[in-house]
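Engineer: got a predicted structure plus its sequence, pasted below:
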Amino acid sequence: MTKPPTIKDVAALAGVSISTVSLVVHESGRVGEVTRARVNEAIVTLGYRPHPAFAALGRRSAESKFTREGMPIAWVFDEGSNNTHTAAAKDHIASALPRAEQLGYRLETFNLRKFSSPAALTKMLYARGFVGVVLEYFEDPSRILAMDLSRFSVTCSGSYVVPLPFHTASAHTFINGMTAYKSIWDRGYRRIGIAPQQHHITLEDDHARLGGALAAHMELAGASPEIPPNRSKLWDIENLYQWVLQYKPDAILCFNSGTIRQLKVKGMRIPEDFPCAAYVVPPDDRGSFAGIDLQTQLVAEQAIERLDQLIRLRQMGPAQHAISISIPGVWYDGPTLPVK
């Protein structure tokens, strides 16, 4: 079995002292850019990696940057064409930062679109001594699989087109769909129009969102819904608007609070003519719209806590048996859906 490279090997290849390599690994500003680049090149060439449990075991120098700022972990997102998921990523990151600090980590965010390739990003993270990576929604999962993540502990946050081989924390979309539909039913509405719509690249939660609402309807009504669900693409408001005019539901279960806003822009009187609730109501909209708060803070914290466990256990790369942690949301009443 090949012996893993040591800090001494890196120093020898770069032609510097061990202390200089240590300063580069610890991101000290006292090393010149030319020397730093040479050391980082040697780190990548040899495949050297600082001990992954360094932070968890508490073996940090009192003067080191790791002690002052925490062991570095990365939150990587792929800012594509889907604004909904870009906004969700920002909410998750804002929630993850304090939890990462509590556990002794320094969380940095990286947009994959700003790097020349997935390989370029992973090479940089490795060279800078990052020990863990949280992956936020990627439109194209092949971009994740193109990243060499075997040297990092890895978790995912959110939903994907297909399940990935990493432990994942996400909202419990099916339960949320059931909760939203039952909450509308409990407020006296019976001809409920289910309008989950779907992303332009269909995700697993598109199916779960619809399935949860349909399951609730079958349980409560004992028959198929009278109104066919609207499965147009997200933000195809014209299609949704025409569907509402055609079927005239007593209440509408929309994708999110932004959808309700867009229907109002189209001239729809909500709730006077069409009471509405949403599968997704961001915390900032709580109290202004009826619907589900996805508990994004808990989702983000779970992604960080699972990553912490993996780092402590020195488990890196894809999981042999990936585990998904699904967190149910919470229903909140709002003026868009008065009691009938």
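Structural biologist: Received, thanks.
Engineer: quick one, helices of the stretch 151-300 of the chain?
Structural biologist: With DSSP state H, counting those that start in this stretch, the ranges of helices along the stretch 151-300 of the chain come out as 173-186, 204-221, 237-247, 257-265, 296-313.
Engineer: okay if I get those as JSON lines plus mean pLDDT, distance to T336 and mean neighbour count?
Structural biologist: Bear in mind the C-beta positions are built from the backbone N, C-alpha and C, glycine included. Formatted as JSON lines, the helices of the stretch 151-300 of the chain follow (pLDDT from 0 to 100; distance: least, C-beta to C-beta, whole Å; neighbours: other C-beta atoms under 10 Å):
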{"stretch": "helix 173-186", "mean pLDDT": "97", "distance to T336": "11", "mean neighbour count": "22"}
{"stretch": "helix 204-221", "mean pLDDT": "94", "distance to T336": "17", "mean neighbour count": "19"}
{"stretch": "helix 237-247", "mean pLDDT": "96", "distance to T336": "14", "mean neighbour count": "16"}
{"stretch": "helix 257-265", "mean pLDDT": "96", "distance to T336": "6", "mean neighbour count": "19"}
{"stretch": "helix 296-313", "mean pLDDT": "93", "distance to T336": "20", "mean neighbour count": "22"}
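Engineer: identify whichever of the ones you listed lies nearest to L23.
Structural biologist: helix 296-313 (22.9 Å; C-beta to C-beta).
Engineer: got a list of contacts for that closest one?
Structural biologist: By C-beta atoms under 8 Å, 6 or more residues apart in numbering, the residues outside helix 296-313 that reach it are 52-53, 55-56, 71, 73, 88, 91-96, 99-100, 103, 105, 107, 131-134, 153-158, 167-171, 282-283, 316, 325, 327.
Engineer: need the next SSE after it, C-terminal direction.
Structural biologist: Next helix or strand after helix 296-313 toward the C-terminus (DSSP states H and E): strand 324-327.
Engineer: whichever helix or strand comes after that following strand pairs with which strands, parallel or anti?
Structural biologist: The helix or strand immediately downstream of strand 324-327 is strand 330-332, counting by DSSP H and E. Taking DSSP bridges as the criterion, strand 330-332 sits next to strand 291-293 (antiparallel) in its sheet.
Engineer: list the buried ones in the strand it pairs with?
Structural biologist: Judged by neighbour count using 16 or more other C-beta atoms under 10 Å, the buried positions of strand 291-293 are 291-293.
Engineer: do the same with stretch 326-333
Structural biologist: By 16+ other C-beta under 10 Å, the buried positions in stretch 326-333 come out as 326-329, 331-333.
Engineer: please pull out the lowest mean pLDDT helix or strand from the chain.
Structural biologist: Within the chain, no helix or strand scores below helix 65-69, which has a mean of 47 by mean pLDDT, DSSP states H and E.
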